[in-house]
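Novice: sequence and predicted structure below; questions after.
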Amino acid sequence: MEDAISRSSLDSSSTGDEYVLVNADPKLRITGDINDLNSEIGGENLIRSKQSMEKTMSDSLVDKDIGHVIPSSQSVDVLSTNISANNGTDGTTTAAGSVSLPTTPTGDCIVFHGVTYLGCATVNAPRSEVEIYRNMAVLNEQSQGDIPIVLSVPATADGTVRLMEPGTDTEISSYKIHRILFCARGPVESNEKRCFAFTFSHGDSADSAIFQCHVFRCDLPEAVAKILYCFANTFRRVPKNRSSNTKPLPESNHDFVFTVNVEIREEDGKGGYTLCPRDKNVFKLRCNLDKKIAITVQQSGSKELKIERCFGLLVSPGRNVKHGDMTLIEKTSMGYAGEDGIYSITGHWDPTESSFAVLNTETPRDTRVFMTVAIDLVIIGIQEPVRFAMETKAKIFSQTERFWYFMSKPHTELFHVKLKQVEGSNGDMIHEVVSVTSQTELDRKKAGMTLPLGQTKYVCSDIQTPQEGPDEESDGDEPLLSGSGVVSKEITDENILEAWKDVLKRWHQNLVQKPKQTHQLARKGIPEALRGEVWQLLSGCQTTSELLEAYRILITKDSPCENVIQRDINRTFPAHEFFKENGGIGQESLFKICKAYSVYDEEIGYCQGQSFLAAALLLHMPEEQAFSVLVKIMFDYGLRDFFRNDFSVLHLHFYQLERLLQDQLPDVFDHFMEMNLEAHMYASQWFLTLFTAKFPLFMVFHILDIFLSEGRNFIFNVALALLKVSRKDLLALDFEGVLKYFRVQLPKRFRTEEATKEFMQTAVGCKVNARKLKKYEKEYLSIKEQEMQQEDPIERLEKENKRLMEVYIRLEQENDDMAHELVESKLNLSKKLDTSQDLSEALTRELMQTKKKLVETEEEKQRLDLESQQVKEMCRRELERLETDNGRNTAIIADYKQICSQLSERLEKQQTASRKELEAIRSNVKSCDRCSTMFDSDGKVQVPEPKIDPLSINPRIMDLERQVRDLELELAQTKLALVEAECKSQELTHQLNSAVSEIQASKNTWFTKTLNSIKEVATTQKKDGSKELQRNNSITKE
């Protein structure tokens, strides 16, 4: 039977430290600790039987240590217990009756009775405890065909585990010990506490192997510990005759080198995968996108090891990751890609899994994360799998990030595998892994580093970057490393700084014309803080931006010179901190500049020595500007002529230097001629690198200051100055001594800035006449012409033909490239034309719509203008009417005011006359004795109440009077309510007008405002007129 869930646990077991080995030496893994088994067995009173058996078996058995195996916390090493120190703890004693105790009938095996065979299940992870426990529980609960057996466990690792029928000892089944991979017992607190199981490998090869889990149950729980203990002892022992017949093998270690390349691709959203960019040795990954990892393995060397299969492809965040902490990903393909011996493995990586959370989370700015990719390879002839673990850096971006530049080269690592030849179990000679070391680890050890702190970007086995050069102050035989010397940015002479400030101010105002003081100031040396800006101005890079744009395109293209550039990068300025780190920012930038120039100048490409000049420029300016200045030096200053036409221009300069040396230093020239020392033997590096390769940096920078200011002929000044200051030393040395002097002692003479300044004064003072150089050039050309005439015509024609063929091939290549570019340009133009046509049609449609809207807008404008005129006319008429009404109302109000004033005067006169008359009447009444009683002391009239005769009162008249009074009172109340209602109505009207005005605030046009104001004025005037009229009427009535 096959447990379907067994397949799901394959990943968990394969990511651990244990590996399945088929047809190899016994390497058994048993769960638990041997001390637990000893404690269980030691609780029984079986010490005497065990001691006798150990004594019997010790004559024919010896202990054997396990071979090379990847360590595990539960491996067989735990079982390597000293038997002599644990006497009395082995449960190998004879049984009685049906008790499940061991007996030893033949002396070479241990027999257990009372054991039941429950069955087997096919598994894919033979070393997974989870699978074994599951199969154990299933078979213990569901198995209906239990078979009682007698279990025979061999005493040595060469034996066979046999299942026999009780009573007849007929063999039912047998299992070779070396094919048993794993043993486990059931949990003590479960129903399987009486069960145990082991996994067995069927098949002759790794590809055809089938793993089965065989489950057993004992009648007594104590017997489980004894059986497992016997298995443990069996795997620790090898027969004496086997060990004694084994001849000692010579210690012969074999070294093999494997090159492993890693590429990562991401889903592009179109059903495909695009290459993940790499910048400065860092993979640029995006979140939440499925990825594919492609790994190629290629062996280099005379003896080839065949890779049988890839056992696992694993990924993990971090570095120095333990084997068991890595996560297995799904392999999609593996095998040899062709006949070139390259083994390819590809796998699918889902970064959204929880174990990859670090690699699926955006990293903050200027930070990186480490990741480790590993493969486990089964190699024919090696008894255990070999793991290659590659550590690299990664930066995680958002899912929508776009990259404009990426490096197409994969991440590369070299692995040095050291193997030892041993004898296998069947007598064949196989290899055992002694060590697996990466080139990065070797480089760190050479640099004095003990921890694997980084990853090497440029791997080259034959070029080693010196990490610690000789002391700069030492006068030994070690040459001075390029990039030595510290250049200070401090300026002691303020006058020079002020002079450069004035020069730069005038220069920036007119970039075409160079100020006159520039040459003189450059000879004294440009201040370090201004060098980057001044070098760009001297070379003419400030007037053009085409090279800056070209650089961004060139770095995305491939160059055929990349391998040569990689080899030179590690040797460029190794003494400078900016370029010292392998794969660091400095080396990465320098690589891109050299690569871009090799693509830009296809005729020259890349020549050895260009990296030194590019590095000197890169120390003062960014990549784009450094590339622009390098192009200007190569083209405008003619440095690229040294590399053209078989270095003919370079040899011309050598001849000119020798002629100058003959004129100015004849003794040195004669000494060199006696030794047959030619100029190219010591001056090649000077001319090709502009003295940047060996001399201290402050001297290199000062030479570049004057070179950029005065041109290529200044190289002769520096070369003559070097020969002049070394004259005495050169005359005292022989051929080898002179060459060593130029290589070692001469650069060390200028380790101080004072010595450099003195030397530069000498170089500036050397006289190099342009006319003499022209004369020497004519001499050189005439000599070459004579040599050509003396040369065999056939050979000369053959050389000329060869040169022309090279030119022809180069021109053909250029023609093909230009044709290819032309085709691409036509295709691009066609695409752009189609796009432009589509855009033109869209714009035409948009124009028509705009015109239509314009016509509609003009019609609307005319309609609004007409309405506006009508409204204005209406407003004018209304204003005239209102003005007329206003004038009439004003005249009426004036008349009312006049009438009211007249009435007031009359009223006052009548009141005065009435008061006088009243006073006269009051005085007359007071004078009468009878009538004076009608007035009180205050002068008020006291009228006695009239006596009414009830008989004379008419009841109907009284009722009518009462009704009149009630009606008058009701009329007064009604008038009062009417006044209050009118007031309230006015207030509500005012609120209504305010609300309407607020609602129509956004729609308030001048027309609406005018009408509202007119209405308000009219209403106000009407109200004022009516109120004034009412007041006048009331006054008139009074």
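Specialist: Nice, I can see it.

Novice: longest helix anywhere in the protein?
Specialist: Counting residues, the longest helix found in the chain (DSSP state H) is helix 793-927.

Novice: next one: the helix or strand that that helix is followed by to chain centre, how far?
Specialist: Where DSSP states H and E defines the elements, the next helix or strand beyond helix 793-927 is helix 955-999. Relative to its chain's centre, helix 955-999 lies at 87 Å (Cα atoms, centre = their mean, to the nearest Å).

Novice: mind giving me the packing neighbours of helix 955-999?
Specialist: Of the remaining helices and strands, none touches helix 955-999 by 3 or more Cβ pairs under 8 Å, 6 or more residues apart in numbering; DSSP states H and E. Heads up, the C-betas are built off the backbone N, CA and C, glycines and all.

Novice: is residue 400 in a helix, a strand, or coil?
Specialist: coil (DSSP: H, G, I helix; E, B strand; the rest coil).

Novice: and what of residue 315?
Specialist: Secondary structure, three-state DSSP: residue 315 is strand.

Novice: that one and residue 372 touch, don't they?
Specialist: Yes. Look at residue 315 against residue 372 with Cβ atoms under 8 Å: they come within range, at 7.3 Å.

Novice: settle it for me: which of those two has more neighbours?
Specialist: residue 315 (23 against 18; other Cβ atoms under 10 Å).

Novice: so what's the more buried one up against?
Specialist: Neighbouring residues of residue 315 by Cβ atoms under 8 Å, 6 or more residues apart in numbering: 293, 326-327, 329, 349, 356, 359, 371-374.

Novice: Serialize those to a markdown table and add fields for secondary structure and distance to residue 523.
Specialist: Output for the contacts of residue 315, formatted as a markdown table (DSSP: H, G, I helix; E, B strand; the rest coil; distance: Cβ to Cβ, whole Å):
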| residue | secondary structure | distance to residue 523 |
| --- | --- | --- |
| 293 | strand | 58 |
| 326 | coil | 62 |
| 327 | strand | 65 |
| 329 | strand | 64 |
| 349 | strand | 61 |
| 356 | helix | 61 |
| 359 | helix | 56 |
| 371 | strand | 53 |
| 372 | strand | 55 |
| 373 | strand | 56 |
| 374 | strand | 59 |
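
Novice: list buried residues within these.
Specialist: Among those, the ones that count as buried by 16 or more other Cβ atoms under 10 Å are 293, 326-327, 329, 349, 356, 359, 371-374.

Novice: measure residue 345 to residue 292 for me?
Specialist: Going from residue 345 to residue 292 by Cβ to Cβ, to the nearest Å gives 11 Å.

Novice: the more surrounded of these two?
Specialist: Higher neighbour count among residue 345 and residue 292: residue 345, with 22 against 18, using other Cβ under 10 Å.

Novice: helices of the stretch 551-700 of the chain, start to end?
Specialist: With DSSP state H, counting those that start in this stretch as the criterion, the stretch 551-700 of the chain has helices at 562-569, 577-580, 585-600, 610-618, 623-635, 648-664, 666-674, 680-689, 697-710.

Novice: the stretch 101-250 of the chain: helices as residue ranges?
Specialist: 129-142, 222-235, 240-245.

Novice: which of those helices sits most buried?
Specialist: helix 222-235 (a mean of 24; mean count of other Cβ atoms under 10 Å).

Novice: show me what it is packed against.
Specialist: Packed next to helix 222-235, using 3+ Cβ pairs under 8 Å, 6+ apart, are strand 29-30, helix 34-42, strand 109-123, strand 147-154, strand 180-185, strand 195-202, strand 210-218.

Novice: could you give the angle of the last one to strand 147-154?
Specialist: Relative orientation of strand 210-218 and strand 147-154, computed by axes from the mean of the first three to the mean of the last three Cα atoms, to 10 degrees: 110 degrees.

Novice: just checking: what are the partner strands of strand 210-218?
Specialist: In the sheet, strand 210-218 lines up against strand 109-123 (antiparallel), strand 195-202 (antiparallel) (DSSP bridges).

Novice: which of those sits closest to residue 888?
Specialist: Distance to residue 888, taken as Cβ to Cβ, is lowest for strand 109-123 among the strands paired with strand 210-218, at 118.0 Å.

Novice: average pLDDT across that closest one?
Specialist: Averaged over strand 109-123, pLDDT sits at 87.

Novice: just give me how far it sits from the chain centre.
Specialist: Using Cα atoms, centre = their mean, the offset of strand 109-123 from its chain centre is 56 Å.

Novice: just want the angle from it to helix 222-235.
Specialist: Using the same axes, to 10 degrees: strand 109-123 against helix 222-235 is 100 degrees.

Novice: how about strand 109-123: buried residues?
Specialist: Using 16+ other Cβ under 10 Å as the test for burial, strand 109-123 gives 109-121, 123.

Novice: thinking again about what came up before, closest one to residue 901 out of the buried ones among the contacts of residue 315, please.
Specialist: Nearest member of the buried ones among the contacts of residue 315 to residue 901, counting by Cβ to Cβ, is residue 359, at 103.9 Å.

Novice: that closest one against residue 371, yeah?
Specialist: Yes. Contact criterion Cβ under 8 Å: residue 359 and residue 371 qualify, at 5.8 Å.
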